[in-house]
Every structure is written in C-alpha cells, then in structure tokens.
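A.B. asks: how would this look folded up:
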Amino acid sequence: GASSSSSSSQNRTFHNSGKTSEKSTTSSPSPSPSPRSPLLRELLQRIQWSGPLTVAEYMKTALTHPRHGFYTASPEVFGSRGHFTTSPEVSALFGEMVAVWVLYEWQRRTAAANRKSPLRVVELGPGRGFLTSDVARVLAQFAAKNSSGTPNQMVSFHLVEISDRLRAIQERNICGEKEASSSKTPRTAHGQPISWHRSLEELLSVFAEEQEQEEPKEDKVEQQPKQPFTVFLANEYFDAFPVHKFVRSGSSSSSGEQQQSAWREVLVDMTPTGDALRLIQARHPTPASQYFTSASNEAIISKITGDHYEVCPGALLQTAAIVDQLTSQSADGGDGGPGGALLIIDYGFDAAEDNQKPPNRDTFRAFRAHALADPLAEPGAADLTADVDFAAIRSQLKAKSKKKDVQVFGTVTQEHFLRQLGIGLRLQMLLAQNAKHLEPEARQQLVASVRMLLEEMGRRFRVMAVFAGGGGNGSDQYGTPVGFEQEKEEEKKV
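C.D. replies: Just a heads-up that it's a prediction; the model follows:
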C-alpha cells in the first residue's frame, strides 16, 4: 500500500508557501523598461497603436504569450529555484490525500450504482507534474480493489497544459526518463495511459468524440457502462485566470459628501513618458463594466462594501463547461452514466462561508523569486495572480443544480480537508516506519512540510467539490463527500 513508500518521496525541498499574500502592489507605476523586456516593449507599442488594455488582456498576454509569456518561456516557474511553491511541491503527502479522496469517491459512487466504471483523472495546469505523479502511484496500489481488472485497464490520466516546456518536465516526472523519451503512447511510471491537451476546450472535444463513438449494446442489457467516472483536479489553477478589475469612483459636493458613484474598469496604460506601464480608470464605460453594472448583477453590486472588485469570467466559463461535460456524459450513458466531480483547491474568497458581504477585492498582484513584485514592471518575468471568487462559482453552479444533477460542497479550508483525510495519521505512520532510517534533519523537514500544508497554506487555501451527473451522483443519496464533514474540535489537535 501507500504506507510502504519511502519517506524520501514524501518530502520535497520547499522555499515559500506560494502566492498567498493579500497585499496588492498595483498602485505605483512601474520603472523604466529593461532592455531584456521584449514583451514590455511589445505591449507599449500595442497600447500606443490601439489604446489601453484591460487587466484581463494584460494578464493573458503576460502569462501565455507564445514567445515571452511567464508560463511558456520562463526557465524555472515552480519550486525553490522558481517563483512560487505549490502544495504538491511541498510534500507528496498532499498528493496522497488527494488520491485517497479520488479513490474513495470513485469507489463509493460507482459501487452504489452497481457499476464498474473506469476512472478518468484530469489535472488542469499540472505544474511540474508532482500531483499527478503522486495520485498515479497511490491509484496503482489501490485501484485493483475496485474491479477484477488491472489498475491499468481502469485508470487513465489527462493533463491540460499550454506550455510545451512544462509538458516535457511533467512527462519526465510522471512517466520517467525512459518512457518520456520513447515515441510510443505515453504511460505513467505505473503503467496507466496518459495524454496531454493544450486547452480544456480541446480536451472536452476529445471526450465528446469518445462519447459519440460509444455505441449502446442493446443485446447486452446487463453490460456495465464503458463511460468513465471523471474527476477534474484544479489545484492552484483558477488563480492564474485573467480578471477584470473595477473601482468605484464618485464626485463630491463642496461639503465633502459623496453625491454619486459609478463603477469604472481599471485599465493598463503607458506612462506619459511612454516607457513604462501604469493603471488608470477608464473614462467611459467599457463592455466589461457595462455587463458588470447591468441589472442582472444588481444583487451582487448592492452588497459590495469596498471600492474595488474583481471578476473572472474565465473561471466561471470553465467550471460551467466541466459540469456540462459531466452531465452530458451522464445523459449519454443510457442508464444515467457515471458522471464525475471537480475538485478545486486554491486561495480566494468565499463570502457565503465567511458569513460576510463581498469584501474589498483588490488582489491582483505578481510574484517573482518568492516575493511580491510590481505586476507591471517586467511582464512575462513574474507570475500574475488574483484570488479566486468561490462564491461566484457556487452561485453559477447553483443555477445548474436546479436540474438535481449538480451538487456543490464547501468551501472548507485546506487544513480541514487534509486533516479529515488523515494526513496527521499518515505522517505518524511514516515517522514510525522510518524511525531507524531518518536523520533528525530529514525528520524535522518532513514534519515542517506537513505543518506548512496545514497551517501557513492550509488556513489560506480553500477546497470546493462539485459532483455532477451519474443518475443521482449529485443527489443527497451519497451524503457529504469525504473531507467536507463538519470538523470536530478534537481533530484540530492531530
């Protein structure tokens, strides 16, 4: 089992807990461009020709520009030599707990429906591939318990990655050097088939084609469905999605009282000298601000107490597309199909869980070499990020839940989620099993890595689970998924 793996794989070198600071650094103009900033020069020319950019346009260009984007061109992005550290980079125990969650929910939801559906695991934005590698290892050890077949017949992996450079790194870490260098169909180091896709849209198109190719066997009524139970993993994925920023502006009377206010979009413009970037307020309504202030959003706007707000259309569109795929997969399955789940782990806001009104949202920021940086100074050289709006995702999916085939759980903190899945017990088992082999320094680092996952990162990051389809997978018959139960006071002491 997983408990027999060596402690060395459970602890990885870590430098910083990642992109969790709430401080924003967007108020001051950036310094003059460096000669080594070709993307900055390109953006300045673009603004000169066609006018200011939205923050969303700027983020998308800085992160994914084909030649100069942060994720497409940076030599080192993750880990101690990169710019930030994600939970799978801190310790393999994080991936083990996610694997336990995937395995448990797959088994109980397919077993309850008397199915032997294959498992399809999708990771969105896999980083260096450590999460998928850890999940593949655990599933290879345990998946055979769910069927009479081998784990390789029951489990497949699908990664969404835009960067060819990162894909090569992922393939080495997940498949091994020998497998990565071969020309045959890729498989993980544990034999499971794995494929890569440049976008979620491409992946969903492939899934749709596979569904169309599945012909129902009318003469074999009792045949188990071939449609897989699909789990989408989004760990620190949506925080990199471009956001539109809005600021509340108003005029004041001679007495200083504010007479009126309006929401204006924040844009990226060049400085008067034309050699650097700055943030400005749009003088006139933009398409994004007109939609944001439309009657359909009046209920949200009326509750905003601060003067800053951020909206991420891409996150809403992608979560909706994932749920639509899971429900359509279920509908096409004839008997309801297995459906699936989406697990989101990220830092962000959840007004519903915090029992508060939408807070002041000014979270657009940059990280470079594990420190906050000016997001406008050298585009393409730093990671750009903004907090995820979990309440907005939940609100959108609740509309779909009226069909009774979608159910949303959470958010809970990452600390709560990992403790419920038994990371404390797993750590104790590792320490006991390797007591004679672990040097004191290695033991301390193993404990420190778990503490980071539970405390520094664990209390800032949130977890949400969405179940869809399955002829009842989204209904109450399955109860609360593991990791989302109400926390007991004594569990906090583990």
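A.B. asks: from here on, contacts and neighbour counts on C-alpha atoms
C.D. replies: Noted.
A.B. asks: which regions of the stretch 101-250 of the chain sit below the pLDDT cut-off?
C.D. replies: Residue ranges of the stretch 101-250 of the chain with pLDDT under 70: 112-115, 143-153, 178-183, 214-226, 250.
A.B. asks: try 50 this time
C.D. replies: Along the stretch 101-250 of the chain, the parts satisfying pLDDT under 50 run over 146, 148-150, 219-222, 224.
A.B. asks: The stretch 301-450 of the chain now?
C.D. replies: 333-334.
A.B. asks: As a check, name the ranges of all helices in it.
C.D. replies: Secondary structure of the stretch 301-450 of the chain (DSSP state H, counting those that start in this stretch): helices at 313-332, 351-354, 390-401, 414-420, 423-433, 440-451.
A.B. asks: which one of these has the most crowded surroundings?
C.D. replies: Among the helices of the stretch 301-450 of the chain, ranked by average contacts under mean count of other C-alpha atoms under 10 Å, first place goes to helix 414-420 (a mean of 24).
A.B. asks: That helix packs against which elements?
C.D. replies: strand 461-468 (3 or more C-alpha pairs under 8 Å, 6 or more residues apart in numbering; DSSP states H and E).
A.B. asks: and the strand it packs on, how far out from the chain's middle?
C.D. replies: From the chain centre to the centre of strand 461-468 is a distance of 10 Å (C-alpha atoms, centre = their mean, to the nearest Å).
A.B. asks: Dump that strand to PDB, keeping only the CA atoms.
C.D. replies: In PDB, the C-alpha atoms belonging to strand 461-468 read as follows (Å, rounded to 0.1, in the frame of the first residue of the first chain):
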ATOM      1  CA  PHE A 461      -6.400  27.900   0.800                       C
ATOM      2  CA  ARG A 462      -9.900  26.700   0.300                       C
ATOM      3  CA  VAL A 463     -11.400  23.500  -1.100                       C
ATOM      4  CA  MET A 464     -14.600  23.100  -3.100                       C
ATOM      5  CA  ALA A 465     -16.100  19.900  -4.600                       C
ATOM      6  CA  VAL A 466     -18.700  19.700  -7.400                       C
ATOM      7  CA  PHE A 467     -20.400  16.500  -8.300                       C
ATOM      8  CA  ALA A 468     -22.500  16.200 -11.500                       C
END
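A.B. asks: Show me what that strand is packed up against.
C.D. replies: helix 313-332, strand 340-349, strand 406-413, helix 414-420.
A.B. asks: What lies in contact with that strand?
C.D. replies: Residues from elsewhere that reach strand 461-468 (C-alpha atoms under 8 Å, 6 or more residues apart in numbering): 323, 326-327, 339-348, 390, 405-414, 417, 473-474.
A.B. asks: I'd like the average pLDDT over that strand.
C.D. replies: For strand 461-468, mean pLDDT rounds to 95.
A.B. asks: related to what we said a few turns ago, got the helices of the stretch 301-450 of the chain as TSV, with distance to residue 478 columns?
C.D. replies: Compiled in TSV, the helices of the stretch 301-450 of the chain are given as follows (distance: least, C-alpha to C-alpha, whole Å):
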stretch	distance to residue 478
helix 313-332	17
helix 351-354	22
helix 390-401	15
helix 414-420	17
helix 423-433	23
helix 440-451	30
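A.B. asks: Quick check: which of these is nearest to residue 124?
C.D. replies: helix 313-332 (10.6 Å; C-alpha to C-alpha).
A.B. asks: What helices and strands are in contact with the closest one?
C.D. replies: So helix 313-332, by 3+ C-alpha pairs under 8 Å, 6+ apart, packs with helix 200-213, strand 340-349, helix 390-401, strand 461-468.
A.B. asks: If we use 7 Å, what do you get?
C.D. replies: strand 461-468 (3 or more C-alpha pairs under 7 Å, 6 or more residues apart in numbering; DSSP states H and E).
A.B. asks: Run me through the strand neighbours of the strand it packs on, direction for each.
C.D. replies: The strands that strand 461-468 pairs with in its sheet are strand 340-349 (antiparallel), strand 406-413 (antiparallel) (by DSSP bridges).
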